[in-house]
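>>> Just the structure for this:
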Amino acid sequence: MHKSSSQVAILQGQIKSGLDVLQRIQDHLDSFMADELQKMGRTTVSAVIISDGLCRFYTAIETVFVRIAKFFENSLEGERWHADLLDRMAFSIPDIRPRVISDKTHADLRELMKFRHFSRYYVELEHDWERLDFLLRKYEAVKEKLRTDIEAFLKLVGSL
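Numbering: from 1, shown residues only. Alright, predicted model coming up:
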């Protein structure tokens, strides 16, 4: 990899900024789950809020992944670029970059990615609470692991 220290510093700043956005989304969703959902109950409105939070969560981390991919590999194309991007983050590219996320983080994020894709084209307001419960378990499982993975990646990038 032949990147200047200023280019690396810019990438690190972009990743940290993305993590800040991700944290604000998590704080909002976690607060809603802890407080408002208990008051509202499992209504259509609460389902829409949770769905939106999960979609925003995935979109925020995907934005970080796009920045990483463009910095190192510089190609995102095709109809499946969202899935390909996520897959790429789970493996290292020799002489280019280390892996960004663990296999477990990848698997949990895949479920959130599929839901985000589905929800963009789903026009009904009825939500499957069993599915939302499943996705919330994935979200809970991935949010700390994801931060740990990204922070480890940041340290490795800093040493390149």
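>>> Could you give the number of residues near Gln38?
For Gln38, the neighbour count with other C-beta atoms under 10 Å is 10. C-beta: built from backbone N, CA, C; applies to glycine.
>>> do Arg97 as well
21.
>>> so what's it bridging to?
Ile93 (DSSP bridges).
>>> Verify the contact between it and Phe72 for me.
Yes - with contact defined as C-beta atoms under 8 Å, Arg97 and Phe72 form a contacting pair (4.3 Å).
>>> Off-centre distance for stretch 136-145?
10 Å (C-alpha atoms, centre = their mean, to the nearest Å).
>>> can you give me the helices in the protein?
5-31, 37-40, 44-72, 81-89, 103-121, 129-158 (DSSP state H).
>>> now these in CSV, with mean pLDDT?
CSV is the format used below for these (pLDDT from 0 to 100):
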stretch, mean pLDDT
helix 5-31, 95
helix 37-40, 92
helix 44-72, 94
helix 81-89, 94
helix 103-121, 88
helix 129-158, 94
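>>> Check which residues of stretch 14-29 are buried.
14-15, 18-19, 21-22, 25-26, 29 (16 or more other C-beta atoms under 10 Å).
>>> For Glu140, the count of nearby residues, please.
For Glu140, using other C-beta under 10 Å, the count is 12.
>>> Look up how far Asp103 lies from it.
18 Å (C-beta to C-beta, to the nearest Å).
>>> Could you measure from the residue lying farthest from the centre of the chain over to Phe32?
The C-alpha centroid of the chain is most remote from Lys39, which lies 28.0 Å away (C-alpha atoms, centre = their mean). Using C-beta to C-beta, Lys39 is found at 10 Å from Phe32.
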